[in-house]
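Student: curious how this folds, go ahead:
(one chain, ligands or ions: 2)
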Amino acid sequence: MKVLVTGGLGYIGSHTATVLINQGHELAIVDDLSNSSEDVLDAIGRTTGVKPKFWRHDILNLEGLERVFEAFRPDGVIHFAAYKSVPESIRDPLAYWENNVQGTLCLLKCMDKYHASRFVFSSTAAVYGIPTELPVTELTETKPINPYGQTKLAAEQLIASFIATRSNMRGVILRYFNPVGAHPAGFLGEVVKEQSHNLVAQIVRVLKKEQEALSVFGKDFPTRDGTGVRDYIHIMDLAEAHVEALEASKKTSKLLVYNVGTGHGYSVIDIVTRFEAAMGSRVPLRFEQRRIGDPAEVYASGERLKADTRWRPRRSLSDMCLSVLQWEDLKESGPASDL
Ligand SMILES: NC(=O)c1ccc[n+]([C@@H]2O[C@H](COP(=O)([O-])OP(=O)(O)OC[C@H]3O[C@@H](n4cnc5c(N)ncnc54)[C@H](O)[C@@H]3O)[C@@H](O)[C@H]2O)c1
Ligand SMILES: O=c1ccn([C@@H]2O[C@H](COP(=O)(O)OP(=O)(O)O[C@H]3O[C@H](CO)[C@H](O)[C@H](O)[C@H]3O)[C@@H](O)[C@H]2O)c(=O)[nH]1
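Tutor: Ligands and ions are numbered 1, 2, ... in the order given. Got it, this is the predicted structure:
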């Protein structure tokens, strides 16, 4: 398939690009480099032996995007390009509505005009807000509690409303839980920016001695050890889910929605312990107040995706931690496993 990947130089897009290339798809990437760099294109090339076509381009610029469609004529689109920070979305909601919803609108217009018929969309567990049930299924009520989650849900609704009116279109919405890890070849991983506040980014900072201790937000949640529980999924498992989703879209109904998680919940302490074991050193902790809006526990039911496709999460939490340490040069890489 000819696949256009928006945001393909970002964290999840770049890993997915390697899987698509390895499975024989022809790829083109559109990315405005607002949260990535062209080095990632070289890294994809080094990892796969194929450097995909690339347009540096803002998807909000409809005319420019049309030129990309005109030149590449994709059969399918995987849409990663978006802003993804919850705190930033609270500070600047309009930027999030514009990029995440208007960006999706521009893309759908181009798909319509150029007859691209398969669509995979990056959504998020944030659409569930504080989940009303566990595990979270695709039928769990969607009630986002911040602008980031709201824009992602609105984009889902936009896609659903468009696809319902186009007989040839098939779409898949993937709601990711917490992606972690890096590509085993060693050239790709998450670039931890100053503004990255997620758990693994903070643990990395402590291990690099850029920060003295890890702030643990909350120790009195109603969970096994009192700390927040999440469903962490290896980035390569997540990347593979996209390729399976593209396949699934060929044979089934118009719009599919899948959670992508492992179905297991791990607490902050579980994650810290796993990093300590992999690294052989301690992560000092500082317990603090809960973050506003942080749910106690979120983990997915991934049963729907497993039932409809051959996809299975294959990597363990230890694989996730080791691959992060190798990517961050905190640990020597071993022989590339089947990751
Ligand atoms: N990382 C997570 O924890 C997570 C969890 C759930 C869902 N998601 C979703 O997955 C997708 C990818 O996330 P990621 O972690 O790879 O983020 P990322 O920031 O690493 O990648 C996004 C890429 O899109 C590009 N981009 C942003 N706006 C653009 C625009 N207007 N035009 C062209 N390019 C643009 C950025 O430069 C970046 O390379 C996002 O849609 C995000 O909402 C991420
Ligand atoms: O320094 C930190 C950072 C996080 N945590 C805790 O670690 C867990 C995971 O927090 P993250 O910030 O890594 O991830 P979230 O689950 O809060 O959010 C992630 O998943 C959401 C969907 O559920 C959205 O997609 C969001 O963009 C993405 O960052 C939470 O219990 C949080 O309280 C800490 O204790 N200390």
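Student: for Ile12, what are its contacts?
Tutor: Residues near Ile12 by C-beta atoms under 8 Å, 6 or more residues apart in numbering: Phe80, Ser122, Tyr176, Pro179, Ile235, Leu238, Ala239. Just so you know, the C-beta spots here come from the backbone N, C-alpha and C atoms, and that holds for glycine as well.
Student: hang on, I meant Gly8
Tutor: Ser14, Thr16, Ala17, Leu27, Ile29, Val30, Asp31, Pro52, Phe54, Ile78, Phe80.
Student: repeat that with 6 Å
Tutor: Under the criterion of C-beta atoms under 6 Å, 6 or more residues apart in numbering, the neighbours of Gly8 are Ala17, Ile29, Asp31.
Student: thinking again about what came up before, in a markdown table: the contacts of Ile12, plus distance to ligand 2, neighbour count and pLDDT.
Tutor: Shown next, in a markdown table, are the contacts of Ile12 (distance: C-beta to the nearest ligand atom, whole Å; neighbours: other C-beta atoms under 10 Å; pLDDT from 0 to 100):
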| residue | distance to ligand 2 | neighbour count | pLDDT |
| --- | --- | --- | --- |
| Phe80 | 13 | 24 | 98 |
| Ser122 | 10 | 26 | 98 |
| Tyr176 | 7 | 21 | 98 |
| Pro179 | 9 | 22 | 98 |
| Ile235 | 13 | 27 | 98 |
| Leu238 | 12 | 27 | 98 |
| Ala239 | 16 | 22 | 98 |
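Student: and those as a markdown table, adding secondary structure and distance to Asp42?
Tutor: Shown next, in a markdown table, are the contacts of Ile12 (DSSP: H, G, I helix; E, B strand; the rest coil; distance: C-beta to C-beta, whole Å):
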| residue | secondary structure | distance to Asp42 |
| --- | --- | --- |
| Phe80 | coil | 19 |
| Ser122 | strand | 23 |
| Tyr176 | strand | 26 |
| Pro179 | strand | 22 |
| Ile235 | helix | 19 |
| Leu238 | helix | 22 |
| Ala239 | helix | 18 |
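Student: what is the nearest of those residues to Ser267?
Tutor: Pro179 (17.8 Å; C-beta to C-beta).
Student: the closest one contacts Leu238, correct?
Tutor: Yes - between Pro179 and Leu238 there is a contact at 5.1 Å, judged by C-beta atoms under 6 Å.
Student: show me what contacts the closest residue to Glu26 other than its chain neighbours?
Tutor: In space, Glu26 comes closest to Lys2 once its chain neighbours are excluded; the distance is 4.8 Å by C-beta to C-beta, 6 or more residues apart in numbering. Counting by C-beta under 6 Å, 6+ apart, Lys2 makes contact with Glu26, Pro74, Asp75.
Student: how close does the second one sit to Leu107?
Tutor: Looking back up the chat, that one is Pro74. According to C-beta to C-beta, to the nearest Å, Pro74 stands 11 Å off from Leu107.
Student: got the residues of the stretch 101-250 of the chain near ligand 2?
Tutor: Residues of the stretch 101-250 of the chain found near ligand 2 (C-beta under 6 Å from any ligand atom) are Thr124, Ala125, Ala126, Asn178, Asn198, Leu199, Gln202, Ser215, Val216, Phe217, Gly228, Arg230.
Student: including pLDDT and neighbour count, could those residues go into JSON lines?
Tutor: Below are these laid out as JSON lines (pLDDT from 0 to 100; neighbours: other C-beta atoms under 10 Å):
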{"residue": "Thr124", "pLDDT": "98", "neighbour count": "22"}
{"residue": "Ala125", "pLDDT": "98", "neighbour count": "25"}
{"residue": "Ala126", "pLDDT": "98", "neighbour count": "24"}
{"residue": "Asn178", "pLDDT": "98", "neighbour count": "22"}
{"residue": "Asn198", "pLDDT": "94", "neighbour count": "16"}
{"residue": "Leu199", "pLDDT": "97", "neighbour count": "22"}
{"residue": "Gln202", "pLDDT": "96", "neighbour count": "21"}
{"residue": "Ser215", "pLDDT": "98", "neighbour count": "16"}
{"residue": "Val216", "pLDDT": "98", "neighbour count": "21"}
{"residue": "Phe217", "pLDDT": "98", "neighbour count": "18"}
{"residue": "Gly228", "pLDDT": "98", "neighbour count": "24"}
{"residue": "Arg230", "pLDDT": "98", "neighbour count": "25"}
